[in-house]
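K.L.:
generate a structure from the sequence data that follows.
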Amino acid sequence: MKVCRWFGLFVVLAALLAAFPARAQQTARPVSIGDLFALRDVRDPQISPDGKWVAYTVGILNRDLDKNRERVWMIPAGGGEAIALTSEDESSSHARWSPDGKFVAFLSGRSEGPTQVWLLNRLGGEAQKLTNTPQSVEDFAWAPDSKRMVLVLRDPKAEEVEEAANRDKEKSGV
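P.N.:
Residues are numbered from 1 along each chain as shown. As a prediction, this is how the structure comes out:
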């Protein structure tokens, strides 16, 4: 299993190196601000339980929005084309495979709300929101049966509880 993990990390690193143009490595010049915004931060590789896929996060600095966006990707462990699992418009991170390998859960603060756990079928489709807490979900882990999760939350602030109540009222039309 350790060999498979190292191989998966190698695949992610190889994909990162392939993303850089060869001429950028050959041209000697000072580093510019534009170069900083062209960098991609690849991290948090997670190998699927069957060892066939690697999910990982790519961070991008967006100069126009003045924000750092993260996106979850998946690539075959044996090499091949990377598949974007999440939208480039919404920041998403912390991808974790379900123990049965059927799903990928991740953290995202879609619609500028608190960070929640979202679920994707590995085969594709739209993400489903799993949690709806007033405060952001800090971390989570799957139970071995793939049917439950444990969440790490901090106590909500009074403002967070009030904002959640207002969102609920707006949804219900009250």
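K.L.:
where does the chain have low pLDDT?
P.N.:
Regions of the chain meeting the criterion pLDDT under 70 cover residues 1-27, 66, 174.
K.L.:
for the chain, what spans make up the strands?
P.N.:
If you assign secondary structure with DSSP state E, the strands in the chain sit at 40-47, 53-62, 67-76, 83-84, 92-97, 103-108, 116-121, 128-129, 137-142, 149-153.
K.L.:
out of those, which comes closest to residue 34?
P.N.:
Residue 34 lies closest, by Cβ to Cβ, to one member of the strands of the chain: strand 53-62, at 10.8 Å. For every residue, glycine as well, the C-beta is placed using N, CA and C.
K.L.:
follow-up on the earlier one: residue 31: which of the strands of the chain is closest?
P.N.:
Shortest separation from residue 31 across the strands of the chain is recorded for strand 53-62, at 14.0 Å, computed as Cβ to Cβ.
K.L.:
what residues sit buried inside the closest one?
P.N.:
Of the residues in strand 53-62, 53-60 count as buried by neighbour count, 16 or more other Cβ atoms under 10 Å.
K.L.:
turn the strands of the chain into CSV, columns for distance to residue 33.
P.N.:
Putting the strands of the chain into CSV (distance: least, Cβ to Cβ, whole Å) gives the following:
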stretch, distance to residue 33
strand 40-47, 16
strand 53-62, 10
strand 67-76, 15
strand 83-84, 26
strand 92-97, 25
strand 103-108, 28
strand 116-121, 33
strand 128-129, 37
strand 137-142, 32
strand 149-153, 36
